[in-house]
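*Asks:* based on what follows, work out the 3D shape:
(one chain, ligands or ions: 1)
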Amino acid sequence: MRIDIITCLPRLLESPFSDSILKRAQEKGIVTVQIHDLRNHSTNKHRATDDYAFGGGAGMVMMIEPIDNCITQLKSERTYDEVIYMSPDGELFSQAIANELSLKGNLIFLCGHYKGVDERVREHLITREISIGDYVLSGGELAAAVVSDAIIRLIPGVLSDESSALTDSFQDGLIAPPVYTRPAEYKGWKIPDVLISGHGAKIADWRHEKSLERTKKRRPGYLRD
Ligand code: SAH
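*Replies:* Predicted structure coming up:
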């Protein structure tokens, strides 16, 4: 998979991809993540990527030209499955969308800033809009990093134990059960006995029961009839 992220603040995206699982996924060659500085695609002599809003009002608007230049260049190099604009009013991101996008080959994420992008970008240059929740961030970079992380960890070979992603919350319609590690007793707080019983089937039953309990309590809407 290849992910191209277009931003006017590339530094914001350096650290999310340079540690742990996302770093290893790139080192293993499973995913390529390229960050594109919009300013390099500006034809303006100050390399500006934003301008005042027509009609007035507070806040700058990201200009269409640098965005179009960058997307056009990328599209001339390869075909993309989706050109996604990160937007607070987009489709609400979910595990189901992460699953769907993890099967794609090439994705572009466009990060907005300030008041957002010139509306013509949304009308003509992108194929999809994704929000990570009903709140407003100052830029799309963190949102693009969140979505990329959720997608990349699902690609086979990225997690060392492939079954791990399948037992995470939301993946099978259930919230994950509680987990514990050593010591088995801390300040008098004990772990459930069944987990050290060595009885695989009983442990599996306990986990399933706890998953159901948690789902009913925390996300009843996820329970299938
Ligand atoms: N004026 C816009 C908000 C702009 S916020 C409005 O009221 O809808 C600046 C940028 O941050 C957006 O262009 C978008 O790329 C990003 N952003 C903000 N909140 C987001 C969210 N919840 N999910 C995804 N991207 C978000």
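*Asks:* helices or strands up against the lowest-mean-pLDDT helix or strand in the chain?
*Replies:* Lowest on mean pLDDT, DSSP states H and E among the helices and strands of the chain sits helix 163-166, with a mean of 81. The contact analysis (3 or more CB pairs under 8 Å, 6 or more residues apart in numbering; DSSP states H and E) places helix 163-166 against no helix or strand. (Each C-beta comes from the backbone N, C-alpha and C, glycine too.)
*Asks:* show me which residues of the longest helix along the chain are buried.
*Replies:* For the chain, the helix with the greatest residue count under DSSP state H is helix 200-218. Within helix 200-218, the residues that qualify as buried are I203, W206, R207, K210, S211, R214, T215, counting by 16 or more other CB atoms under 10 Å.
*Asks:* against F54, how distant is the residue lying closest to P192 once chain neighbours are set aside?
*Replies:* Among residues not flanking P192 along the chain, W206 sits closest, at 6.8 Å (CB to CB, 6 or more residues apart in numbering). Between W206 and F54 the distance is 61 Å, computed by CB to CB, to the nearest Å.
*Asks:* ok, M63 next?
*Replies:* The value you get for M63 to F54, if CB to CB is used, is 12 Å.
*Asks:* looking at the buried residues of helix 200-218, which is nearest the ligand?
*Replies:* T215 (25.1 Å; CB to the nearest ligand atom).
*Asks:* hang on, the earlier thing: touching, the residue nearest to P192 and I196? I think so.
*Replies:* No: using CB atoms under 8 Å, W206 is not in contact with I196, being 11.6 Å away.
*Asks:* any idea which strand is longest in this structure?
*Replies:* Longest strand of the chain, by residue count under DSSP state E: strand 82-92.
*Asks:* for the record, mean pLDDT for that strand?
*Replies:* Averaging pLDDT along strand 82-92 yields 98.
*Asks:* do stretch 132-152 as well
*Replies:* Per-residue pLDDT over stretch 132-152 has a mean of 98.
*Asks:* do it and the ligand meet?
*Replies:* Yes: if you take CB under 6 Å from any ligand atom as the test, stretch 132-152 does meet the ligand, through I132, G133, Y135, V136, L137, G139, G140, A143.
*Asks:* in strands, which of those residues fall?
*Replies:* Assigned to strands by DSSP E, none of these qualify.
*Asks:* buried ones only from those residues, please, as a PyMOL command.
*Replies:* This is the PyMOL syntax for the buried subset of the residues of stretch 132-152 next to the ligand, where burial follows 16+ other CB under 10 Å:
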select buried, resi 132+137+139+140+143
